[in-house]
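> when you get a sec, could you give me coordinates for this:
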Amino acid sequence: MIFLLAVAIQKITPLYLISINIIHNKSLTKHELSICIIIVHFNLIEVKNYRISTVKLALNKQFKLISRPIGLPTRDDFEYSETSIPLLNEGELLVKSEYISLDPAMRGWMNEGKSYIPPVRLGDVMRAGGVGCVLESKNGKFNKGDFVHGLLGVQSHSVSDGKGMTKIDPNLAPLPLYLSLFGLTGMTAYFGLLSIGEPKQGDTVLVSGAAGATGSVVGQIAKIKGCHVVGIAGGQKKCDYIINKLGFDGAIDYTSGNVASALKTNCPDGIDVFYDNVGGDILDLVLTMINLNARVVICGAISQYNNTTPIKGPANYLSLLVNRAKMQGFIVFDFASQYKEAAVQMGQWMAEGKLKSKEHIVEGIETFPETLLMLFSGGNFGKLMIKV
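I've put the predicted structure just below:
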């Protein structure tokens, strides 16, 4: 909104001094500005050395979580607002979000209960990773113009003390890549497969959610390691993509045909590594086909996140016993000290043409509640994010 503002105005009596300084992205409320303009217009005070400026006020667009979703989250579970941006204290920086990452984990963060990270409190800005530009800094570790990655939240601007913020270089890679291949998505794929799945050359690696942000990277890394790679995805378009563009050896469309029969066709020698992003019936079925000393990596269970009934666990878990197999979950934050190593390696693979990344970018922070649901309907094709 545009306002005319008088700056440096002084009351007739010397007891009061009103100084209004508009710094980058620091603003008064509309009400406060209107009072100043009225005072000047009607000569209620003597104005000395003032100038009239046209100022465009920046507002912080944000979504707050206001209720715990039951089943799929809806727009009613969030409150959208546009608020003024607070002044910075010493040690703080102001970041303008450029891209906001949307991830299945966000659904879990909305629930109460014990987890690897505290839930988002009702009334707080919805937690989300993002990349953005530093507009102003009173923190010695960051300068105006720096680009950063961190938990910026579902908002257009955020004030941070710098903890958890990492500088990134948009000249080395486009900003969206810092949320996909070089972000937590890529790190999850890298460490989940290599540290938990431990693939060996010649292994059969099966990936569920194979056309998704994490699964697509898992499959490509498994191919780099010399494995026979099969992906499970929803729809022929996604199946064609993982074979023709990403180099998977086989693809199974879970939305058509018999998945059990397709698994036997594509994995005739059984399954050595199963990287699971889906859970539910798919996990239960795959357990009947694992090999001796197989490794089952539990990355996620997106089929279960919005259940209003009890979560479906694997009935065929005794196959783990018979086959002396391992089924292990993991959290990518456990590998934080090794992120740099992984980023360097994946950057090299990308430069060599062995690793590709696909992003699904939706314009406008206002679309957040509906865009988030694409994760659970299969509507996204690649790493889902919002361009603020």
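
> quick one, what contacts the residue lying closest to L181 once chain neighbours are set aside?
Among residues not flanking L181 along the chain, S357 sits closest, at 4.1 Å (CB to CB, 6 or more residues apart in numbering). Using the backbone N, CA and C atoms, a C-beta is placed for each residue, glycine as well. By CB atoms under 8 Å, 6 or more residues apart in numbering, the contact list for S357 reads L177, S180, L181, G186, V217, M350, G382, K383.

> from those, which one has the minimum pLDDT?
Among those, G382 carries the lowest pLDDT, at 93.

> what about that one, how many neighbours?
Neighbours of G382 under the rule other CB atoms under 10 Å: 19.

> what bridges to the residue nearest the centre of the chain?
Residue closest to the average C-alpha location in the chain (CA atoms, centre = their mean): S101, at 2.8 Å. When bridges are called by DSSP bridges, S101 pairs up with M385.

> my guess is it meets G130, correct?
Yes. At 6.1 Å, S101 counts as touching G130 under the criterion of CB atoms under 8 Å.

> hey, what's in contact with both of these two?
In contact with both S101 and G130: L179, using CB under 8 Å, 6+ apart.

> doesn't L292 make contact with N323?
Yes. When contacts are counted by CB under 8 Å, N323 is listed as touching L292 (5.2 Å).

> neighbour count winner among those two?
N323 (16 against 10).

> quick check: phi and psi at that one.
Here is the backbone geometry of N323 (degrees, to the nearest 10): phi -100, psi 10.

> residues in contact with it?
Counted by CB under 8 Å, 6+ apart, N323 has contacts I290, N291, L292, N293, A294.

> show the buried residues in the residues you listed.
Burial by neighbour count, 16 or more other CB atoms under 10 Å: within the contacts of N323 this picks out I290, N291, A294.

> tell me the secondary structure of the second one, please.
Taken by DSSP: H, G, I helix; E, B strand; the rest coil, the conformation at N291 corresponds to strand.

> for L375, which non-adjacent residue is closest in space?
Using CB to CB, 6+ apart and skipping the chain neighbours, the partner closest in space to L375 is P104 (5.4 Å).

> I302 is in contact with that neighbour, correct?
Yes. Under the criterion of CB under 8 Å, P104 makes contact with I302 at 4.9 Å.

> shared neighbours, these two?
The contact sets of P104 and I302 overlap at N277, L375, F376 (CB under 8 Å, 6+ apart).

> report the contact partners of the last one.
Right, F376. Taking CB under 8 Å, 6+ apart, we find F376 in contact with L72, P104, R107, I302, Y305, N306.

> may I see the ChimeraX selection of the buried members of those residues?
One line in ChimeraX is enough to select the buried ones among these; burial here means 16+ other CB under 10 Å:
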select :104,107,302,305
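
> from the contacts of F376, which ones fall inside strands?
Members of the contacts of F376 lying in strands (criterion: DSSP state E): none.

> columns pLDDT and distance to Y241 on top of the contacts of N323, output as a markdown table?
As requested, these are exported to a markdown table (pLDDT from 0 to 100; distance: CB to CB, whole Å):
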| residue | pLDDT | distance to Y241 |
| --- | --- | --- |
| I290 | 98 | 26 |
| N291 | 98 | 28 |
| L292 | 98 | 32 |
| N293 | 98 | 32 |
| A294 | 98 | 27 |
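
> contact partners for L320?
Here L320 is in contact with L287, I290, V296, K326, M327 (CB under 8 Å, 6+ apart).

> got these as JSON lines, with distance to N143 columns?
Output for the contacts of L320, formatted as JSON lines (distance: CB to CB, whole Å):
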{"residue": "L287", "distance to N143": "52"}
{"residue": "I290", "distance to N143": "52"}
{"residue": "V296", "distance to N143": "46"}
{"residue": "K326", "distance to N143": "47"}
{"residue": "M327", "distance to N143": "46"}
